[in-house]
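# sequence plus predicted model, see below.
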Amino acid sequence: MKYKGEYTAVREMRAHLAWYTHGMPGASKLRGRVSQLLAMEDLYQAIEDIFPV
């Protein structure tokens, strides 16, 4: 986000998440949820909801 801004960073992270989580349990649910997100904070929350620590 520091170099590209939140708008671009969120869109790039959505693509990376789809790639890195491929085949993991819950990944399909995560991809469906994050595909529409626009804010990094929402992206963090979606990841935490699907893959709690």
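It's in.
# list of residues touching the helix or strand bottoming out on mean pLDDT in the chain?
Lowest mean confidence among the helices and strands of the chain (mean pLDDT, DSSP states H and E): helix 27-34, at a mean of 87. Contacts with helix 27-34, where a contact means C-beta atoms under 8 Å, 6 or more residues apart in numbering, come from 14, 17, 18, 21, 43, 46, 47, 49, 50, 51. For the C-beta atoms, the positions are set from N, CA and C on the backbone; glycine is no exception.
# filter those to the buried ones?
14, 17, 21, 43, 46, 47, 50 (16 or more other C-beta atoms under 10 Å).
# so which of those are in helices?
Counting by DSSP state H, the buried ones among the contacts of helix 27-34 place 14, 17, 43, 46, 47, 50 in helices.
# returning to what we had before: need the buried ones among the contacts of helix 27-34 in CSV with distance to residue 35, can you?
Shown next, in CSV, are the buried ones among the contacts of helix 27-34 (distance: C-beta to C-beta, whole Å):
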residue, distance to residue 35
14, 6
17, 10
21, 13
43, 11
46, 10
47, 13
50, 13
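# from those, which two are the most distant?
For the buried ones among the contacts of helix 27-34, the farthest-apart pair by C-beta to C-beta is 14 and 50; their separation is 13.5 Å.
# tell me how far the least confident helix or strand of the chain lies from the chain's centre.
Relative to the chain's own centre, helix 27-34 is displaced by 8 Å; criterion: C-alpha atoms, centre = their mean, to the nearest Å.
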